[in-house]
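>>> need coordinates for the below:
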Amino acid sequence: MPSGAGPSTAPAENPGGDSPLVHLLARHCRRIGAEGGAILRADRDGRIHILAIHPPPDKGAEPPAWLTQALVSADDVLAGESVVTRGLHDPEELYGQKAHRHLVMAPLPGGGAYRGLLAFAKETADVDAFAADVGHVDLQIPAMDLYGLHVAASGPRGPAPRLEPAMAALAGVNEPDRFLAAAMAFCNELAARWQCERVSLGFLKKHYVELIAMSHTEKFSRKMHAVQFLEAAMEECLDQDVEIAFPAGAEADFVSRDTRELSAHAGRTAVLSLPLRHGGGVVAVATLERASDSPFGAEEIESLRLACELCAPRLVDLRRRDRWLGAKAADALHRGLGALIGPRHTWAKLLVLLLAAGGLYVALATGEYRVEAPFVLEAARRQVLPAPFAGEIEAVSAAVGDEVQEGKVLGKLRTVALERRLNAARAELFEYTKQADAARAGKKWAEAQMASAKARQLTEQTHLLSEQIEKASIKALISGTVVAGDLERFVGASVEKGQVLFEIAPIRSLRAELSVPEDEIADLLAARRAGEVRGVLAAASYPQEKIAFVVGRIHPIGEETDDGVTFKVRAELRTTRHWMRPGMEGVAHVRLGRRRLAWLWSRRLVNWLRLWLWL
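Next comes the predicted model:
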């Protein structure tokens, strides 16, 4: 069915039928306490098919809400390849209320063009634990790969005869949570499915096979002759890493002496030993025995091989986990010592020896402690020339990069309006002066005072306008290089009062401003108190040139930057180069003496741990 369109009308399998896949799903639902579960499969066209569902739906009934949600979200889950959780809200729940039921979906990798998906629904408050339980349902993944490929090849006719008993055996092994119980279930399932008188399972222990479980037998002694014959036949199978059957056909190319002796001891029975592989090697052997008139055929051997491949991961995982802590530690110590002093892994041991020598060198050798910090070159002095008043640029006689002397005119503002105002003010001043003189001659003292006050006001205005006209010529106040003020293309443009027009700096007198990280400023301050601190810097444009410097003033207040808090440190250069310009950036190394390499490489981690652990 297309994803997101509801349940398929023609699924690849009968999802609620009596199949091993349904039984396997039902067992996992009971184990994790889920109210329902489903196994879905996506075909080459992206259509989602329901392979199995538990509990089985009633005929003609609407699919449950959690299944519909699983079908809608199937594409997202398969594309993300991770466990996905969805809240299931009941119709009577209020908007925004936290869901009590949850749907957890997990993809099953593998299968080529056929991808599998698990979906489980449960009412729980601990969603993370539920998701973890679903994520651990991974022992059926190989079965899903084979099952999906089988369904694609055989169509809706049902599972192949060889696959059904293999999956039934897997379901039986998945039920117990302890290793011995799972091993016994494995033997009993094989004995029941293939009509065997006895099925035995042995695991590799050091250099020999140890019998672990026998069908329908809870206790046995390794001193029994039957056990010894069984273990010998199992070791024969393990050494050759191939299925060994007795009686065998004329074309058989394996050695079956111990298997023949086992058959003779058991009364001339038919015997079949199969290796269980995990992690690229044989880890166990299963030996099946039944009446001599029913030898194992090729199809049965293939089906048994499939059952062993499906059940091996579960058995190995339970055996590894179902041990007490002391045994696990002893086993880990034994493997470690064996790998350390044994004759194998020569290159690995040589690598460990070299690492040990390197660690000793790091602990004893010393290196120079250098604080690395970015820097910016800046002029020791800088003169900023702003616009003296609001106006228009009339002329520009200097450009960026020009060397200028003190007093040189760099530019000029338009003064036509100011000159007109100055002439008008002077004319009014002349008129009011005449009025004041005439009033005093006629002894009109009040008029004389008023005219004199107006004349004084106009006098100040003329002085101000004259000063502004004089300042309209922007002159350099120091000798140096124009580092800002590319105004040639802005002639005629308006400027505001105080707007920076030119900047002049003597670029032959430069210094560097370092940005030292806060976690290293304390070491720099301590070194500065002890004496003169030196270093070298290299600009990004000339990395091959190393310029020596001496640390000068350290700014007492840190600044917040994108890289954290830094402190500005002024560095006085010992020499300058012709290519050095203000604004150039690079990296500076401040030398703070020699320290042990172990201290140098672990300093940041140790400081972080001290701060985190409050030591």
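>>> going forward, measure contacts and count neighbours with C-alpha atoms only.
Fine.
>>> worst-scoring helix or strand of this protein, pLDDT-wise?
None of the helices or strands of the chain scores lower by mean pLDDT, DSSP states H and E than helix 141-154, at a mean of 47.
>>> what about the next helix or strand after that one, average pLDDT?
Using DSSP states H and E, the next helix or strand after helix 141-154 towards the C-terminus is helix 163-174. Throughout helix 163-174, pLDDT has a mean value of 79.
>>> going on from helix 163-174, what's the next piece of helix or strand?
Per DSSP H and E, the first helix or strand lying C-terminal to helix 163-174 is helix 179-193.
>>> any idea how far that next one is from the chain center?
Taking Cα atoms, centre = their mean, to the nearest Å, the mean C-alpha location of helix 179-193 is offset from the chain mean by 43 Å.
>>> where does the prediction get shaky in the protein?
Counting by pLDDT under 70, the ranges of the chain that qualify are 1-20, 60, 91-97, 109-114, 137-163, 335, 337-345, 615.
>>> could you list the domains of it?
20-157, 176-322, 383-504, 510-613 (automatic domain parsing).
>>> helices of the stretch 201-350 of the chain, residue ranges please.
225-240, 257-265, 298-321, 325-341, 346-364 (DSSP state H, counting those that start in this stretch).
>>> out of these, which is closest to residue 132?
Closest to residue 132 of those is helix 298-321 (Cα to Cα; 16.9 Å).
>>> going by neighbour count, list what's buried in that closest one.
Using 16 or more other Cα atoms under 10 Å as the test for burial, helix 298-321 gives 301, 303-316, 318-319.
>>> which helices and strands sit right next to it?
Under the contact criterion of 3 or more Cα pairs under 8 Å, 6 or more residues apart in numbering; DSSP states H and E, helix 298-321 touches helix 163-174, helix 179-193, strand 270-278.
>>> turn those into CSV, including mean neighbour count and distance to residue 546.
Below are those laid out as CSV (neighbours: other Cα atoms under 10 Å; distance: least, Cα to Cα, whole Å):
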stretch, mean neighbour count, distance to residue 546
helix 163-174, 24, 70
helix 179-193, 22, 69
strand 270-278, 25, 60
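>>> can you list the ones you listed in TSV and add distance to residue 217?
Output for the helices and strands packed on helix 298-321, formatted as TSV (distance: least, Cα to Cα, whole Å):
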stretch	distance to residue 217
helix 163-174	17
helix 179-193	8
strand 270-278	18
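>>> nearest to residue 464, of these?
Among the helices and strands packed on helix 298-321, strand 270-278 sits nearest to residue 464 (Cα to Cα), with 98.3 Å.
>>> and the angle from that closest one to helix 298-321?
50 degrees (axes from the mean of the first three to the mean of the last three Cα atoms, to 10 degrees).
>>> may I have the strands that pair with strand 270-278, each with its orientation?
Strand 270-278 has the following strand partners under DSSP bridges: strand 244-246 (antiparallel), strand 281-290 (antiparallel).
>>> what angle separates it from helix 225-240?
Relative orientation of strand 270-278 versus helix 225-240 (the same axes, to 10 degrees): 50 degrees.
>>> now could you export just the CA positions of strand 270-278 as PDB?
Written as PDB, here are the backbone C-alpha positions of strand 270-278 (Å, rounded to 0.1, in the frame of the first residue of the first chain):
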ATOM      1  CA  ALA A 270      21.500 -40.700  11.800                       C
ATOM      2  CA  VAL A 271      23.700 -37.800  13.000                       C
ATOM      3  CA  LEU A 272      24.100 -34.300  11.800                       C
ATOM      4  CA  SER A 273      26.400 -31.600  13.300                       C
ATOM      5  CA  LEU A 274      26.100 -28.000  12.200                       C
ATOM      6  CA  PRO A 275      28.400 -25.100  13.200                       C
ATOM      7  CA  LEU A 276      26.900 -21.900  14.700                       C
ATOM      8  CA  ARG A 277      28.800 -18.900  13.500                       C
ATOM      9  CA  HIS A 278      29.000 -15.400  15.000                       C
END
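>>> looks like residue 134 contacts residue 106 (just checking).
Yes: assessed by Cα atoms under 8 Å, residue 134 is found in contact with residue 106 at 7.1 Å.
>>> now the helices for the stretch 351-500 of the chain?
Under DSSP H, counting those that start in this stretch, the stretch 351-500 of the chain gives helices at 416-441, 445-471.
>>> could you pick out the longest strand of the protein?
Assignment by DSSP state E gives strand 366-379 as the longest strand of the chain.
>>> starting from it, tell me which strands it pairs with and how they run.
strand 510-517 (antiparallel), strand 585-596 (antiparallel).
>>> any idea which of those strands is most buried?
strand 510-517 (a mean of 24; mean count of other Cα atoms under 10 Å).
>>> distance from the chain centre to that one, please.
Worked out by Cα atoms, centre = their mean, strand 510-517 lies 34 Å from the chain centre.
>>> list the contacts of it.
Applying Cα atoms under 8 Å, 6 or more residues apart in numbering, the contact partners of strand 510-517 are 371-380, 564-573, 576, 582, 588.
>>> and residue 84, which of the helices of the stretch 201-350 of the chain is closest to it?
In this view, the helices of the stretch 201-350 of the chain are compared for proximity to residue 84 by Cα to Cα, and helix 298-321 is the closest at 24.2 Å.
>>> alpha carbons only: can I get that closest one in CSV?
Extracted C-alpha coordinates of helix 298-321, given in CSV (Å, rounded to 0.1, in the frame of the first residue of the first chain):
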residue,chain,number,x,y,z
ALA,A,298,19.6,-31.6,1.7
GLU,A,299,16.4,-29.5,2.3
GLU,A,300,16.4,-30.4,6.0
ILE,A,301,20.1,-29.5,6.3
GLU,A,302,19.5,-26.1,4.5
SER,A,303,16.5,-25.4,6.9
LEU,A,304,18.6,-26.3,9.9
ARG,A,305,21.5,-24.2,8.7
LEU,A,306,19.1,-21.3,8.5
ALA,A,307,17.8,-21.9,12.0
CYS,A,308,21.3,-22.0,13.4
GLU,A,309,22.2,-18.7,11.7
LEU,A,310,19.1,-17.0,13.1
CYS,A,311,19.5,-18.3,16.6
ALA,A,312,23.3,-17.9,17.0
PRO,A,313,23.3,-14.1,17.8
ARG,A,314,20.7,-14.6,20.5
LEU,A,315,22.5,-17.5,22.1
VAL,A,316,25.9,-15.8,22.0
ASP,A,317,24.4,-12.6,23.4
LEU,A,318,22.8,-14.4,26.3
ARG,A,319,25.9,-16.4,27.1
ARG,A,320,28.0,-13.3,27.2
ARG,A,321,25.6,-11.5,29.5
